[in-house]
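In: Need a 3D model of the sequence below.
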Amino acid sequence: MNDLEQRLRSALDARARTFEASPDAWQRVREREPRRSRARWVLAALPVALLAVFVPILLTGGLGRNSAADGADDIYRRLMADRTPAGESVTLDDPAGGKLRLWFARGEMGQPVLCYIAERAQPYGACDGMIDTMSTRSGWFEGSTARDGASRVMDYGVARQGVERVGAVTKSGKKISGTLLRPQGAPFLLWTVTYAAQDPVSKAVFTEPGRTDYEMPRSTLTMRSRDDQPAGKTIEVAGGLTVGPYKTKYGRALVWLRQGKHAGSVSLEPQYLLKDAPVHLFPAGDRAYGAARKDIAQIQLSVAGERETTAATRSDPWGLGIVLFAIDAQEGLDAGYRLTAYDAAGKEVWHKDWAPRQRTQPNYGTQIGGTMTVPSTENFGYGPVRLRFVKERPSNVKSAYNYMICTSGGVGPEGDENGGCGAATFDDLNGFSHGTVHSFLPEPGTTISYGSARPDWESVDAVLKDGTRIHGSFLSAPGAPARAWYVKYPYGTQIAAHVFKVKGRQLEQVWHTRHDCWGAKPSQGRPHALTRGITALLHVNNCLLFAKGSKRLPGYSEPVPGGKLRDILAAEHPLEWVQHKTDWYGFTLPGTARVEVALKGGGTATADTVPDPWGQGVLLFAGAVPEKAGKPGISWPGLRFTGYDAAGQVVWTYKPRSPLD
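Out: You can find the predicted model right below:
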């Protein structure tokens, strides 16, 4: 086999849609998320050693400045002082002791939050902002009642309305059933899973009609790797807040959890521990906590140069040579504050000032061209919504530049301004950039999808699962490297795909936001037999997949919601094809009796077609790859496909422009 044919082999593998992620794929995905929303995931990806610096905590509400006299109703009134209920509350028996009250609410900017009150001997509670995950996840973790000494505990979280069942898998592999709660008037569902503390949950499993089960690892709650091991007893330092040492692959770390959720980390390695400052403070709503050098006896917090609060430190129980503290911060720290440390004699040993928090946009690079304003967004959260292009220099490619598209004006999960940047792909035939920005008031709120536009796109639509289309538009600015596209729709609408009309082409370009074909459950009916032991089966939402024996083959075809497989084909693109090892298979236009593929260097193979049994308006085929292709199989470029009718006459020819065409 020559070098060309060796390089060409990737074509049909690429058509199988089984791509290897690029080294920066995860970063690019996260760049499309709201800036504050990403922080939770960014921390999970960083070495613990890097967390010795200030770590922003994604929490609203308070740790509950609760005294022994505070009752659950007192805490509720305090938490809801600047929030409005969003549905009924539910009260559950906590297997670890006491009760747990859960309810949804809306913050001052209308953002949804989940609130809880742990009704114990000394009750406590808080309200936490939620990351918007409705379009990509069936459900997610929000907390746990796990604590030392409890034999049975309960994890809980949020699920979207379409979920019909929830369960979990424990560390030992045991499957257990969960409970779905549907509070009247609530925007989401609640779920709980109760389990034995000695066999903790490793993942939650969510079931939606017509889809394979969605799995959410519990590590998203605690941010602990399966390799992390406790290195000492965990202690409770405030209502629902615990802290304990862990041994990780990056070294020792001190980790705080609040109601089971990750709240902060500090490296205990000598080269990082308290290296830059003798005190590390973690603000969380109306409380602040942290670690300090062992000679620090007292911490003073002065907010906005006015209110001062002091707290004594306590020695750590693990012999680590540090002290711990928790301090009242009920005024909040956004207005700026001073942190002062004193020794046992009352002498000041250190202080530092933090300036008031400013509403500034992150600097991702140099802006190129003018700023584009989305029409009718003057009152959109922190609107108006603005889009702009920036040019960044990748750290690993000194001589090249990348473009990014940035947004501002929406509301984040904490009620602050939601802004960020994501990759802008406007000169790639197979590229697609997509981000969202939200406003939650007036209810039900509004979401704007946006991205960079190719020059040959003439229109854009967002498509719902039932095929309904919402029309979008384009924006441009002088000097900008490309246009931007956007679509507005009610918050909570589940968009299945974005569709673009391409100039000079019959077929639309489709980008599925929800790839239901990936996890589709089979429709009723027997698989349709082709040659070489290959079968085809139509799944829900008209997803076509292939199998050989009991093993699913690579590749799938997924039309626009509400459409059929016939909608994927036209004279400019007369067949869909996939190759796996020595087989190639797919479907083609009506009137095609036989499909032939020819390699650039010679070698051909043919496959006869058979009607599809589902009324999708296509013909199916399967056959062997060309013998001259050798062991690797068929590859692009230089491929030529030809379709023949029953009389042997050519009805179409096709040369792919790229591996994904």
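
In: I'd assumed residue 77 was in a strand, is it?
Out: No - under DSSP: H, G, I helix; E, B strand; the rest coil, residue 77 sits outside any strand and is assigned helix.

In: Before we move on, what's the pLDDT of it?
Out: Looking at residue 77, its pLDDT is 93.

In: State the distance from it to residue 308.
Out: Using CB to CB, to the nearest Å, residue 77 is found at 26 Å from residue 308. (Glycine included, C-beta is placed from N, CA and C.)

In: got it, and residue 267?
Out: 30 Å.

In: repeat for residue 459
Out: Where residue 308 is concerned, residue 459 sits at a distance of 60 Å (CB to CB).

In: Look at these two and report which has more neighbours.
Out: residue 459 (15 against 11; other CB atoms under 10 Å).

In: Hmm, residue 500 and the more buried one touching each other?
Out: Yes - applying CB atoms under 8 Å as the test, residue 459 and residue 500 come out as touching, 6.9 Å apart.

In: so residue 84 sits right up against residue 103, yeah?
Out: No - the criterion here is CB under 8 Å, and residue 84 misses it with residue 103 at 11.1 Å.

In: can you pull out the strands in the stretch 301-450 of the chain?
Out: 307-312, 314-315, 322-328, 337-342, 348-354, 366-373, 386-392, 402-411, 417-423, 435-439, 446-453 (DSSP state E, counting those that start in this stretch).

In: Tell me which of residue 84 and residue 103 has more neighbours.
Out: Neighbours per residue (other CB under 10 Å) separate residue 84 from residue 103, with residue 103 holding more: 23 against 11.

In: show me the contacts for residue 71.
Out: Neighbour list for residue 71: residue 123 [criterion: CB atoms under 8 Å, 6 or more residues apart in numbering].

In: How about residue 549?
Out: Contacts of residue 549 (CB under 8 Å, 6+ apart): residue 533.

In: could you measure it against residue 527, distance?
Out: In terms of CB to CB, residue 549 sits 11 Å off from residue 527.

In: again, but for residue 185
Out: 44 Å.

In: Give me the more crowded residue out of these two.
Out: residue 527 (14 against 9).

In: leaving aside the residues next to it on the chain, what's closest to the more buried one?
Out: Nearest non-adjacent residue to residue 527, counting by CB to CB, 6 or more residues apart in numbering: residue 535, 3.7 Å away.

In: pretty sure that neighbour belongs to a strand, no?
Out: Yes - checked against three-state DSSP, residue 535 lies within a strand.

In: isn't it right up against residue 550?
Out: No - using CB under 8 Å, residue 535 is not in contact with residue 550, being 10.1 Å away.

In: Have a look at these two and say which one is more surrounded.
Out: Each of residue 535 and residue 550 has its neighbours counted (other CB under 10 Å); residue 535 has more, 18 against 5.

In: how about that one, what does it touch?
Out: 527-529, 546-548.

In: Now do it, the pLDDT please.
Out: Confidence score, pLDDT, at residue 535: 93.

In: beta partners for it?
Out: residue 529, residue 547 (DSSP bridges).

In: which stretches of the stretch 351-500 of the chain have low pLDDT?
Out: 358-363, 393-401 (pLDDT under 70).

In: hmm, back to that, go through the strands of the stretch 301-450 of the chain and name the closest to residue 512.
Out: Ranking these by proximity to residue 512 (CB to CB) places strand 446-453 first, at 13.1 Å.

In: got the CA positions of that closest one in PDB?
Out: As requested, the backbone C-alpha atoms of strand 446-453 are provided in PDB (Å, rounded to 0.1, in the frame of the first residue of the first chain):
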ATOM      1  CA  THR A 446     -35.000  34.200  27.800                       C
ATOM      2  CA  THR A 447     -32.000  32.400  26.300                       C
ATOM      3  CA  ILE A 448     -29.900  33.500  23.400                       C
ATOM      4  CA  SER A 449     -27.900  31.000  21.400                       C
ATOM      5  CA  TYR A 450     -25.100  32.600  19.500                       C
ATOM      6  CA  GLY A 451     -21.900  31.800  17.600                       C
ATOM      7  CA  SER A 452     -19.600  32.800  14.700                       C
ATOM      8  CA  ALA A 453     -21.100  32.500  11.200                       C
END
